[in-house]
Structures are given as structure tokens and as C-alpha cells.
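>>> Can you look at this prediction? I've put the sequence above it.
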Amino acid sequence: RGLGDVYKRQVEDSGIGIDEKDLKNIFNSFEQSDQDESKYGGTGLGLAICSNLIKMMNGEIEVESKKGVGSTFRFRLHDIAVSSLGEQITVQKLDLSNISFEKATILVVDDIEENRKLVQASLKSFDFKIIMAENGQIALDRLKNVKIDLILMDLRMPVLDGYKAATIIKNDDKLKNIPLIALTASVMGKDLEKVGKFGFDGYLRKPVIIDDLIEEISQYLKYTFLDNIAEERLSNVCVLDKSKIDEILLILNTTLKTKWIEVKDKGDFLLLESFVKELDELADNKIEVLSNYVEQLKNNIDSFDIERVDYLMNSYEKIIEEIIKIRRKIEDE
């Protein structure tokens, strides 16, 4: 569709319906129609969020409803480019058939045996030794006796949960540098903030998808390519001198960091897009870790993946740390 088109959609349901006197307030925050909350639940935020999102996209939403019959919600978006059904957002993934990980030992911590076995089965094609633990306390016992290269840890477990285990690990000088990835069925709100605050280096949603799992652990474990295709692509990436990296780091730590602080917790996608645009102009494929970070942000903003965008925004300072490591490595060489 062209940019000048109007995009229209409607959703119908045959539920309890909404009384006419409630229609004018139904899109307000914490508003619900006159219903049995103990039976139907809800916070009264769902329609308010929908309304705000549609307004952000230059649109409007309306409702027709009859008590006891059902409701019809209609929305229109004006002057917005809409992709065809055949178009999908694509994220560049590693070619799993083209990589070989170096030998490594991975600790999988989850109180559900099926979840542990799923991770083990997903990694069977690689040269990994998988150590299992049913809770955080057993994981700590394993860490005393085995050299672990990476930890995949569930958050909610009996005896000792993932948050407490992460605190102990990250406060231990011998263990704090082991990459620690959270395994969770849902990362939202306070849970999302806690993942970063408790020292986790990343997170994966459950059930674990193999492509996502390999993509995540490839950030922490060494691997090589089985052919030269990807190596040739990487060799074409611009190699920066120390002064250029210093220039990028200065901007990341000053003007962009100030803007990051302003927008990261507001949930305003228009502000986020503006921030990411500036970040993209700075990255410009000069530093791979920064370019990849920007690409992930753009893709998840486009797909309105609020959870993932929040997580990525809260990882901003970690990206700066990674670039500092690259700077030091160049200096050592």
C-alpha cells in the first residue's frame, strides 16, 4: 500500500458486550465496563494501550457494542506504509550448518527435567559438554568442582532461585566472568529489570528455540566458520583505528547516553526510533557489535516487541563495555 492510503481493520467478539454508558470511557486507563472482575479479571489497561499505540501511528479507534451480544472494534491508520502479507521482518542469523564451536562446558540449570533435556538436545550437534543442575544450590556445587564456560539458568526454581544464584556467582571473583544467560518463560516489567540488575549477561525465552539459543551463546563462546563465505564477509568490515573508536565511545558516553537515559523507560516508540536513528548514524557498520545492536533494536521496534526492546535498551551500557574491550585489544596488538 502507498503512504497516502488508509489502512482499516475491525475485530468482532460475541462476549458480554459493553453497556452504552461505558463506551465513552472504555479506552481510558484502568477503566472496565460494569462486570464481575473476579470472574473476568483484567486491569483495564489493554484497550488504553491499544488506543495509545494507534494514536502514535496517526490513527483512531472506535467501538460499537450491545450488552449481552458482543462488540466490534474498528481502527484506521492514515498515511502509513503497510507491508504486504508476504513481507516479513528478517533478522540475520548465524548459518548453523556453517559454524563449529570450540570445546566448551555448559551448565544448564532448570528444575524441570524436560527443559534441561530440550537444551541438551538442541546443542547435541556441537562439541559441548553439558552439565545439569536442578536448582541454584546444586549449580553452585557444580561450579566448585567443574570449570564452566557458560551458564544457562532458569529464574524461578525451588531451594535457590536464579536471581539469588546469579547474585552469588557475580559476587565471586572466580566465577563472575562466566557468561550467565537467563532462561525464562516471560520477561516483563520488573522481571526484565531484574535480569540486568542481578548480573545476567543475556536472556532466552522458553521454550528455547535452537536458532535463538545458538545466536545467543555465539556471543560468548568461540567458534569458527566451516567455509570462507562468512570470513570473507567479515574481512570486508571497516577496521577502525584507536582514535576513531575513542570518538565513537565519547559520543556514546555523552550526548547519546543522555538521550538514552531520557527515553529508555518511557515506552514511547517515536522517541526510541529517534534515538536509534542517531545510534545507527554513529554505528554505520564501523564496529560490528554496535551495528548488530542497532539492527536488533530496529527490527524489534518494527515488530513492536516491547519486551525485547526494553531488554536491549537496558543493555546499552554493556555494549559500551564491549567496545571498550575491543579498544583495549587493538591497543594490546
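Perfect, thanks for sending it. Numbering: from 1, shown residues only.

>>> For the closest residue in space to Asp141 that isn't next to it in sequence, list each beta-bridge partner.
Once flanking residues are discounted, Asp141 sits nearest to Ala133: 7.8 Å by C-beta to C-beta, 6 or more residues apart in numbering. Glycine gets a C-beta too; all of them are placed from N, C-alpha and C. When bridges are called by DSSP bridges, Ala133 pairs up with Val109.

>>> Any regions of the protein where pLDDT drops low?
1-8, 29-46, 79-97, 186-193, 227-241, 267, 285, 333 (pLDDT under 70).

>>> okay, stretch 159-168 in PDB with CA atoms only?
Extracted as PDB, the C-alpha positions of stretch 159-168 are listed here (Å, rounded to 0.1, in the frame of the first residue of the first chain):
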ATOM      1  CA  VAL A 159      15.700 -24.200  47.100                       C
ATOM      2  CA  LEU A 160      17.700 -21.400  45.500                       C
ATOM      3  CA  ASP A 161      16.200 -19.400  42.500                       C
ATOM      4  CA  GLY A 162      18.100 -18.000  39.600                       C
ATOM      5  CA  TYR A 163      18.200 -14.400  40.900                       C
ATOM      6  CA  LYS A 164      19.900 -15.400  44.200                       C
ATOM      7  CA  ALA A 165      22.200 -17.900  42.500                       C
ATOM      8  CA  ALA A 166      23.200 -15.100  40.000                       C
ATOM      9  CA  THR A 167      24.000 -12.700  42.900                       C
ATOM     10  CA  ILE A 168      26.300 -15.300  44.500                       C
END
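
>>> start at 30 instead
I'll keep to 30 as the first residue from here, and by that count the last item is stretch 188-197.

>>> now what about it, what contacts it?
Here stretch 188-197 makes contact (C-beta atoms under 8 Å, 6 or more residues apart in numbering) with 138, 164-169, 182-185, 209, 211-212, 223, 227-229.

>>> so how far is that stretch from its chain's centroid?
22 Å (C-alpha atoms, centre = their mean, to the nearest Å).

>>> about what we covered before: just the ones of the contacts of stretch 188-197 in helices?
Gly165, Gln166, Ile167, Ala168, Leu169, Lys223 (DSSP state H).

>>> ok, now which ones touch the fifth one?
In this case it means Leu169. Per C-beta under 8 Å, 6+ apart, neighbours of Leu169: Leu189, Ala194, Ile197, Ile198.

>>> likewise the second one?
Residues touching Gln166, when contacts are defined by C-beta under 8 Å, 6+ apart, comprise Val188, Leu189, Ala194.

>>> redo that, cut-off 10 Å
Applying C-beta atoms under 10 Å, 6 or more residues apart in numbering to Gln166 gives the contacts Val138, Met186, Pro187, Val188, Leu189, Asp190, Lys193, Ala194, Ile197.

>>> State the distance from the fifth one to Ile353.
Per C-beta to C-beta, to the nearest Å, Leu189 is found 33 Å from Ile353.

>>> Thanks a lot, catch you later.
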